[in-house]
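**Q** sequence first, predicted coordinates after that:
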Amino acid sequence: ILEAFDLIGISVSTFIIRLLTDQHFTHHNTVIDLRENSHHITEHLQCTGDYMLKWATAVIKDRCAQEVCELSAKANSSHFSVSHTSVQQLEEFSIDVLSEEMQQHAPVLWDLFEVLLAA
């Protein structure tokens, strides 16, 4: 198989990326297998040093930032302006409601908080 890639002038990584991004192959057994076993593939790629850790950290940072933006959006009830918050709003505040909203709208951030608080 590797010789075939060399013969046609394509790298394994290019082949896998094309396979995973081409909508034509979305439901192909090979693509399904790659997606279902991606955690095993990632584990074996970790031996490449800090690259995977840096990549994973960047992905999680971006995801958490997106979730914080969603949580603090004006359309969401979690948004408030500290300088314009009334006593009534503070009295009506519910940590239970906030935690439910966070679990729903920011599941990765919620999981991260759980891990950090349990440590």
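**A** Perfect, thanks for sending it. Everything quoted here is computed from the prediction, not taken from an experiment.
**Q** dihedrals phi and psi, residue 111?
**A** phi -60, psi -40 (degrees, to the nearest 10).
**Q** so what's the residue count around residue 109?
**A** 20 (other C-beta atoms under 10 Å). (Each C-beta comes from the backbone N, C-alpha and C, glycine too.)
**Q** same check on residue 66?
**A** Residue 66, neighbours per other C-beta under 10 Å, totals 13.
**Q** residue 88 versus that one, what's the distance?
**A** Distance of residue 66 to residue 88, given as C-beta to C-beta, to the nearest Å: 31 Å.
**Q** gap between stretch 43-62 and the chain center?
**A** The chain centroid and the centroid of stretch 43-62 are separated by 13 Å under C-alpha atoms, centre = their mean, to the nearest Å.
**Q** so what touches it?
**A** Stretch 43-62 has contacts (C-beta atoms under 8 Å, 6 or more residues apart in numbering) with 42, 108, 112.
**Q** gap between the first one and residue 116?
**A** The spacing between residue 42 and residue 116, counted by C-beta to C-beta, is 22 Å.
**Q** ok, these two, which is more surrounded?
**A** residue 42 (12 against 8).
**Q** grab the nearest non-local neighbour of that one.
**A** residue 52 (6.8 Å; C-beta to C-beta, 6 or more residues apart in numbering).
**Q** go on, residue 5?
**A** Nearest one to residue 5, counting by C-beta to C-beta, 6+ apart, is residue 12 at 6.0 Å.
**Q** neighbours of that neighbour, how many?
**A** Under the criterion other C-beta under 10 Å, the count of neighbours that residue 12 has is 10.
**Q** local confidence estimate at it?
**A** Residue 12 carries a pLDDT score of 93 in this model.
**Q** thinking it is in contact with residue 2, fair?
**A** Yes - when contacts are counted by C-beta atoms under 8 Å, residue 12 is listed as touching residue 2 (7.3 Å).
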